[in-house]
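K.L.:
Mind looking at a prediction? Sequence and model below.
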Amino acid sequence: MITKTVVMKIFLAAVLGLLIAGTSPLAAQDNTAAEHFNNGVDAEAAGNTAKAIEEYRAAIAADSSFASPYYNLGVIYYSQKKFTDALKMFERVTQLEPDNLDAWKNMGLSATETGDLSKGEKAFTEALKIKSNDPELTELFAMLFYKNEAYKRAIAKLEDLVKLKNQDKKTFYALGKSYKEAGNNEQAIVNLQSATKIDPEYQMAYFELGNIYLEDENWSKAMQNYEKSVQYDPDHYQSWFNLGSACVGESTESSIVRAYEAYQKFLSLTNGRGGSQIKSMRNTASNISAQLRDYFDQAGIIYDE
């Protein structure tokens, strides 16, 4: 969800920039640059992205201090997932227009996608100087670290975000997962449970809680959370597989029957899916299911085929 929102905001910012720059060609110091830029705007409006790129590049060649074509090229490159190129364009805009909030933000977003934490940190720090304590910028700053698995650094920004936006379930979820990945399960549980208090049907929070308890071999609590996870998303095959593992760990007659049911559901949901991880999980589920069937037959336990 965050990625989609980010892309939309970049696009909207670009449209705004196009309208402003398109009606103010005097922003360029060179008439040729302004003409090429406006041709690029027209080409984009007509859906001819290749022509727009050509014209924006020509505008830059005519006037390298004209920020708008860099900005619009950055937007195009970002939409094409050419994030390294987008980063270069937005970085250039910030050099030419240090007070351009959108350019700093988009530079940060591009750095998030390329994994350049140094440039991303610089971009969001500068953006927050322009618009301090802004929840959106703080969230994007946190996502720079979170998406690039720098979880310890993500925690500090997410904690800041909680203070600005303390009823947001996704913030608590990201903070809980970050604490988990940083090795602090106690704080992970606190934040994930906060997410479920805000939304009692928040499936992914229950899944992550289940993972923590499974790792700690707290089979009962793992089972409880995985049961909620599959209740709110019956097609989440990872939850079914992990539920099976937790039930086997619990090792009561009822839990072992439930383990068999969970593995069968997992096998049904992943039938025909590719990927080495899923294949490995399917082999495990099939082997354990076969062992459970033998056990059920020997012990006279009734189970559904």
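P.N.:
Looks like it arrived, so ask away.
K.L.:
quick one: contacts of stretch 217-228?
P.N.:
With C-beta atoms under 8 Å, 6 or more residues apart in numbering as the test, stretch 217-228 has contacts from 203, 206-207, 209-211, 213-214, 239-240, 242-243, 246-247, 249-251, 255, 258. C-beta coordinates here come from the backbone N, C-alpha and C atoms, glycine included.
K.L.:
let me fix that: stretch 117-128
P.N.:
So stretch 117-128 is in contact with 87, 90-91, 94, 98, 101, 104-105, 107-108, 111-112, 134, 137-138, 140-141, 144-145, 148, 150, 153, going by C-beta under 8 Å, 6+ apart.
K.L.:
repeat that with 6 Å
P.N.:
By C-beta atoms under 6 Å, 6 or more residues apart in numbering, the surrounding residues in contact with stretch 117-128 are 101, 104-105, 107-108, 111-112, 137, 141, 144.
K.L.:
List the buried residues of it.
P.N.:
119-124, 126-128 (16 or more other C-beta atoms under 10 Å).
K.L.:
Would you convert these into a markdown table that also reports pLDDT?
P.N.:
Below are the buried residues of stretch 117-128 laid out as a markdown table (pLDDT from 0 to 100):
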| residue | pLDDT |
| --- | --- |
| Lys119 | 98 |
| Gly120 | 98 |
| Glu121 | 98 |
| Lys122 | 98 |
| Ala123 | 98 |
| Phe124 | 98 |
| Glu126 | 98 |
| Ala127 | 97 |
| Leu128 | 98 |
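K.L.:
Need those residues in TSV (columns: secondary structure).
P.N.:
Formatted as TSV, these follow (DSSP: H, G, I helix; E, B strand; the rest coil):
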residue	secondary structure
Lys119	helix
Gly120	helix
Glu121	helix
Lys122	helix
Ala123	helix
Phe124	helix
Glu126	helix
Ala127	helix
Leu128	helix
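K.L.:
Which helix runs longest in the protein?
P.N.:
helix 276-299 (DSSP state H).
K.L.:
And the helix or strand where Ala33 lies, what does it pack against?
P.N.:
According to DSSP states H and E, Ala33 maps onto helix 31-45. Here helix 31-45 touches helix 49-62, going by 3 or more C-beta pairs under 6 Å, 6 or more residues apart in numbering; DSSP states H and E.
K.L.:
Report all helices and strands that the helix it packs on contacts.
P.N.:
Helix 49-62 packs on helix 31-45, helix 67-79, going by 3+ C-beta pairs under 6 Å, 6+ apart.
K.L.:
residues contacting the nearest residue to Tyr146 once chain neighbours are set aside?
P.N.:
Distances taken as C-beta to C-beta, 6 or more residues apart in numbering place Ala154 nearest to Tyr146, at 4.1 Å, with adjacent residues excluded. Shown in contact with Ala154 (C-beta under 6 Å, 6+ apart): 142, 145-146, 178.
K.L.:
any idea how far Ala154 is from Tyr303?
P.N.:
Distance of Ala154 to Tyr303, computed by C-beta to C-beta, to the nearest Å: 44 Å.
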